[in-house]
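S.K.: Using only what follows, build the 3D model:
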Amino acid sequence: MPAPTPHAAETLSEAELERLQALLDALPAPLQPLDVSMLDGYLCGVLLQPQAVLLAAWLPPLLDSEGRPTPARVDDELLALLRRRHKELNLAITGRQWFDPWVFELDDEAGPSDAVLPWVAGFAHALDAHPALLQLPEEPLLEPLAAIYLHLDPDDLEDADALLEEIESLEPPADLEEAVEGLVSAVLMLADVSRPLRAEPGRGGLSGPRRTGAARAAPARPRPRQSGRR
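M.R.: Next up is the predicted model:
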């Protein structure tokens, strides 16, 4: 049996993932929480910031996409589940290990970009709420950001000519597995820019990304709802 990855103990089960979505849905109106796929992309965007973002700063934009104040008391179970996923992703990103983004297989008529769009929207929401990553030098960010934002409508990318040009040079993913691998690779490439690894004692240079398992989409589930109450 292969040795467990360092973040295996933090991985949420299928039941816990469904419970997390239920707890988000139970937040009182008018709050508009991110769904589980969007919050996963959001947490990756948070963890890629060059300086650590504290819970008090990253929690409010997750619980309400419009930035309204959070409730005076947030359910302990909800916080525990969010912290576990935050920790799992942080360990993966810090160790340059591959992880499974929370994306959802759709019906056969939907393309891979449709499946990963909620995750990408959550990632973009993180960079809107926490823009320090985008204040780093542009050139090393272009390739990995393009690999993520190619799933968005170009009209949603305003005043981003260099990014759009980079996106146009990329081939769209052929299937969901390729789309998921593109997201994970891009996150780890961005981490090399914003959270560079230190050289290990006795070794020259930086250690590169380590792939600990095949990137794969989450098991087929219904498409999660988009942010906002209907």
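S.K.: From now on I want contacts and neighbour counts done on CA atoms only, so please keep to that.
M.R.: Will do.
S.K.: burial count for the nearest residue to residue 68 once chain neighbours are set aside?
M.R.: Leaving aside its sequence neighbours, residue 68 sits nearest to residue 31 (C-alpha to C-alpha, 6 or more residues apart in numbering; 7.0 Å). Neighbour count of residue 31, defined by other C-alpha atoms under 10 Å: 24.
S.K.: residue contacts, residue 31?
M.R.: Residues near residue 31 by C-alpha atoms under 8 Å, 6 or more residues apart in numbering: 63, 64, 65, 66, 68.
S.K.: and the third one, how far is that from residue 44?
M.R.: What it means is residue 65. Residue 65 sits 16 Å away from residue 44, taking C-alpha to C-alpha, to the nearest Å as the criterion.
S.K.: Check the first one too.
M.R.: As judged by C-alpha to C-alpha, residue 63 and residue 44 stand 16 Å apart.
S.K.: helix or strand for the residue most central in space within the chain, which one?
M.R.: Nearest to the geometric centre of the chain sits residue 41, at 2.2 Å (C-alpha atoms, centre = their mean). Assessed by DSSP states H and E, residue 41 sits inside helix 36-47.
S.K.: Does anything pack onto that helix? Which helices or strands?
M.R.: Applying 3 or more C-alpha pairs under 8 Å, 6 or more residues apart in numbering; DSSP states H and E, one finds that helix 36-47 contacts helix 14-25, helix 55-63, helix 76-94, helix 112-129.
S.K.: what's the most buried one of those?
M.R.: Compared across the helices and strands packed on helix 36-47, helix 112-129 shows the largest average neighbour count, a mean of 23 (mean count of other C-alpha atoms under 10 Å).
S.K.: quick one: the helix or strand following that one to helix 112-129, angle?
M.R.: Scanning forward in sequence from helix 112-129 by DSSP H and E, the next helix or strand is helix 139-149. Computed by axes from the mean of the first three to the mean of the last three C-alpha atoms, to 10 degrees, the angle separating helix 139-149 from helix 112-129 equals 130 degrees.
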